[in-house]
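Q: this one's structure only:
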Ligand SMILES: Cc1cc2nc3c(=O)[nH]c(=O)nc-3n(C[C@H](O)[C@H](O)[C@H](O)COP(=O)(O)OP(=O)(O)OC[C@H]3O[C@@H](n4cnc5c(N)ncnc54)[C@H](O)[C@@H]3O)c2cc1C
């Protein structure tokens, strides 16, 4: 678009919205007229010298107009207040986006460091309703995103680094020192599982190494598995797996569990569960088909031994992605956001999915609470208008 077109379009737009100031109207009218006049001179072909002068003049005008337009778009960016921003592009954030977009709220989803969330780390999801043959995790979340986009949800690749509530407005700091404002916010930043940090563990992620017994236990029917950890979640994962697998061995780096006595008693009463004390995983072993064993290191003697198994379940706990909200939004001792029907203690700020659910952490529960959060946010935005 050249200077004439740009200025004319702006004048028309501003007049339509009755938004223009007299100064910018006159300025734009001036540039549009001068630019049109130069075009006319070039077209009627004056002497080569005049044409050169007019071209230089037009170039200068275009430069000035480009600067005007850049300044204007920067101003628009910093003053625009979104209706609703959703943090996280996992199943919960994408579901919230479907509902918010269908309610006409034009939501903006900020994808975060892990586009698509945890479901992109898994292969087949067999327990999400509506897929009798199962569905690939990445496909499920990609479909949900597309569904949200169909109704006008916008996705932005960025990470939120800071959060502040200023009166009724929520301000988020993004990478490259960008700021963004919104009337409401849905936090769906998930909770990341703790890993051992071994390269071999990453090699077999989804091929025998799992962080979710409820999700992946079914694939180990009649097989032998290790559960790594000594807290409540290790007890829970082991007793759950014991109903499916033929043998469950809990590997713990200390000589006693941190789990509650009740959970420990339940574990010790389960016949096909045994415990290896003072052992940690030194290396995950496997081949092209997946995990077939592990090297265990004795934490007292340092001795390394091999053990055969078909799968390894890490039960080392999860870390909710809530660091940026610390001191502002109420959370429990593990850092999960405290909610009441997805509402946090801050008006206009809602939370959904794993970030506020230390108990279930499933795709369907994350999607369900995403829906709830969007409906609550919609109600909140309407209450601001009335
Ligand atoms: C290996 C594996 C297999 C699983 N299998 C199953 C299964 O078979 N069935 C099942 O029901 N569940 C399964 N789950 C659990 C399921 O994936 C989670 O319950 C679900 O993904 C949680 O969704 P969520 O949207 O709350 O969070 P997540 O999926 O964790 O998404 C969080 C999102 O927040 C974003 N984010 C984080 N920090 C920021 C920030 N600062 N700014 C902006 N964005 C941010 C991330 O980039 C990400 O997009 C599995 C999990 C794993 C790890």
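A: Cool, the structure landed. Here the structure is a predicted model, which is why all the values come from computation and not from measurement.

Q: the closest residue to the ligand within the stretch 151-300 of the chain: what's it in contact with?
A: For the stretch 151-300 of the chain and the ligand, the shortest gap (CB to the nearest ligand atom) falls at residue 190, measuring 2.2 Å. Every residue, glycine included, has its C-beta placed from N, CA and C. Contact analysis of residue 190 by CB atoms under 8 Å, 6 or more residues apart in numbering lists 88, 90, 92, 114, 117, 118, 320, 321, 353, 354, 355, 366.

Q: separation between it and residue 132?
A: According to CB to CB, to the nearest Å, residue 190 stands 27 Å off from residue 132.

Q: equivalent analysis for residue 361, please.
A: For residue 361, the distance to residue 132 - CB to CB - is 24 Å.

Q: let's see which of the contacts of residue 190 end up in helices.
A: 92, 366 (DSSP state H).

Q: list, out of the contacts of residue 190, those positioned next to the ligand.
A: For the ligand, the contacts drawn from these by CB under 6 Å from any ligand atom are 88, 90, 92, 114, 117, 118, 321, 353, 354, 355, 366.

Q: and those as TSV, adding pLDDT and neighbour count?
A: Rendered in TSV, the data for these read as follows (pLDDT from 0 to 100; neighbours: other CB atoms under 10 Å):
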residue	pLDDT	neighbour count
88	98	31
90	98	30
92	98	35
114	92	18
117	94	27
118	91	24
321	97	23
353	98	33
354	97	30
355	98	30
366	98	30
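
Q: going by distance to residue 108, which of the residues you listed wins?
A: Of all these, residue 108 sits closest to residue 88, with 12.1 Å by CB to CB.

Q: so which bits of stretch 306-318 are buried?
A: Buried residues in stretch 306-318, counted by 16 or more other CB atoms under 10 Å: 307, 309, 310, 311, 312, 313, 314, 315, 316, 317, 318.

Q: what about it, near the ligand?
A: No: for stretch 306-318, no contact with the ligand is found by CB under 6 Å from any ligand atom; the gap never falls below 9.2 Å.

Q: distance from that stretch to the middle of the chain?
A: 27 Å (CA atoms, centre = their mean, to the nearest Å).

Q: stretch 262-281 now?
A: The answer for stretch 262-281 is 35 Å, by CA atoms, centre = their mean.

Q: how about it: buried residues?
A: Under 16+ other CB under 10 Å, the buried positions of stretch 262-281 are 263, 264, 266, 267, 273, 275, 276, 277, 279, 280, 281.

Q: give me the subset of those lying in helices.
A: Per DSSP H, those map to helices at 263, 264, 266, 267.

Q: leaving out sequence neighbours, find the closest residue to the second one.
A: Once flanking residues are discounted, residue 264 sits nearest to residue 257: 5.3 Å by CB to CB, 6 or more residues apart in numbering.

Q: my guess is the one you found meets residue 230, correct?
A: Yes: using CB atoms under 8 Å, residue 257 is in contact with residue 230, at 4.4 Å.

Q: from residue 283, how far out is residue 298?
A: 14 Å.

Q: between residue 361 and residue 132, which has more neighbouring residues?
A: When residue 361 and residue 132 are compared for neighbours, residue 361 comes out ahead with 21 against 7, by other CB atoms under 10 Å.

Q: residue 191 is in contact with that one, correct?
A: Yes: the pair residue 361 / residue 191 is scored as a contact, 6.7 Å apart, by CB under 8 Å.

Q: give the intersection of the neighbour lists for those two.
A: With CB under 8 Å, 6+ apart, residue 361 and residue 191 have common neighbours 318, 354.

Q: show me which residues of the stretch 201-350 of the chain sit near the ligand.
A: 210, 211, 212, 215, 321.

Q: does the nearest residue to the last one once chain neighbours are set aside sit in a helix, a strand or a coil?
A: Using CB to CB, 6+ apart and skipping residues adjacent in sequence, the residue nearest residue 321 is residue 189, 3.9 Å away. Residue 189 carries the three-state label coil when classified by DSSP: H, G, I helix; E, B strand; the rest coil.

Q: which pLDDT value belongs to residue 189?
A: Residue-level confidence at residue 189 comes out at 98, pLDDT.

Q: what does residue 41 give?
A: For residue 41, the predicted pLDDT is 66.

Q: and what of the one 10 residues further on?
A: Model confidence at residue 51, expressed as pLDDT, equals 61.

Q: likewise residue 386?
A: 76.

Q: what's the burial count for it?
A: Residue 386, neighbours per other CB under 10 Å, totals 4.

Q: pLDDT at the residue lying closest to residue 240 once chain neighbours are set aside, what is it?
A: Using CB to CB, 6+ apart and skipping residues adjacent in sequence, the residue nearest residue 240 is residue 213, 5.0 Å away. For residue 213, the model assigns a pLDDT of 92.

Q: now residue 213. Its backbone dihedrals?
A: Dihedral pair for residue 213: phi -70, psi -40, per degrees, to the nearest 10.

Q: start at 230 instead
A: Got it, the first residue is 230 from now on, which makes the last one we talked about residue 442.

Q: next, count neighbours for it.
A: By other CB under 10 Å, the residues close to residue 442 number 26.

Q: wait, it touches residue 464, no?
A: No: using CB under 8 Å, residue 442 makes no contact with residue 464, being 11.2 Å away.

Q: sketch out the low-pLDDT regions of the protein for me.
A: Scanning the chain for pLDDT under 70 picks out 230-254, 264, 267-268, 270-308.

Q: now do the domain split for it, please.
A: 232-307, 310-421+548-614, 428-545 (automatic domain parsing).

Q: how about the most centrally placed residue in the chain: what's its closest non-neighbour residue?
A: Centroid-nearest residue in the chain, with CA atoms, centre = their mean: residue 317, separated by 2.2 Å. Excluding the flanking residues, the one nearest residue 317 by CB to CB, 6+ apart is residue 417, at 3.7 Å.

Q: residues in contact with the one you found?
A: 315-317, 319, 321-322, 325, 580-582, 584, 595, 599, 602.

Q: between those residues, which sits nearest residue 368?
A: Of all the contacts of residue 417, residue 319 has the smallest distance to residue 368: 14.1 Å, by CB to CB.
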